[in-house]
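A.B. asks: The sequence isn't on hand, but the structure is:
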């Protein structure tokens, strides 16, 4: 079954097959596609594309892409657009990006952000390497917020 799972009003997560369905992209009014993979295609409709070329490997550096992706999703939402984040199976890479977005722009803790993404897409399961990068990101965000509050 093809579907885009709604995380927030402006954010969806899915696998590559669903994300590349032009019909679904149009139906959900998606304007930005974030493809978190090296091999998966983009939908053919005229959407903004952002590629994060990483494999689903615990040793891949996804951390360095968190800010860029989170900010792109937020900018799209601010413009009234909607984003879909996807990887091959919509389980690990795309979930990690969605969690990073929720932590940065919705001020959720890692646990709360994971729960929110899991509620919209039950199969999510970031690999251990990505989980530790998300934990590091949560600490980064706390430090940054601490500096802005003082």
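C.D. replies: Here it is on my side, so go on. If you're wondering where the values come from, they're calculated on a predicted model, not measured in any experiment. Residues are numbered from 1 along each chain as shown.
A.B. asks: pLDDT weak spots in the protein?
C.D. replies: 149-150 (pLDDT under 70).
A.B. asks: so where do the strands sit in it?
C.D. replies: Remark: strands assigned in the chain by DSSP state E are 5-8, 11-15, 32-35, 48-51, 83-87.
A.B. asks: Residue 1 versus residue 88, what's the distance?
C.D. replies: 17 Å (CB to CB, to the nearest Å). The C-beta positions use only the backbone N, C-alpha and C, and glycine is treated the same way.
A.B. asks: Between these two, which is the more surrounded one?
C.D. replies: Neighbours per residue (other CB atoms under 10 Å) separate residue 88 from residue 1, with residue 88 holding more: 19 against 4.
A.B. asks: what residues are up against the more buried one?
C.D. replies: Applying CB atoms under 8 Å, 6 or more residues apart in numbering to residue 88 gives the contacts 15-16, 37, 39-40, 56.
A.B. asks: Can you report how many residues lie near the residue nearest to it when sequence neighbours are not counted?
C.D. replies: Nearest in space to residue 88, with sequence neighbours left out and distances taken as CB to CB, 6 or more residues apart in numbering, is residue 16 at 5.3 Å. Burial measure for residue 16: 21 neighbouring residues, criterion other CB under 10 Å.
A.B. asks: Identify the residues contacting residue 16.
C.D. replies: 35, 37, 40-41, 86-90.
A.B. asks: can you check residue 35 too?
C.D. replies: With the criterion set at CB under 8 Å, 6+ apart, residue 35 makes contact with 16, 19, 41-42, 49-52, 86-87.
A.B. asks: Distance-wise, check residue 134 relative to residue 25.
C.D. replies: With CB to CB as the criterion, residue 134 and residue 25 are 27 Å apart.
A.B. asks: same deal with residue 39?
C.D. replies: 19 Å.
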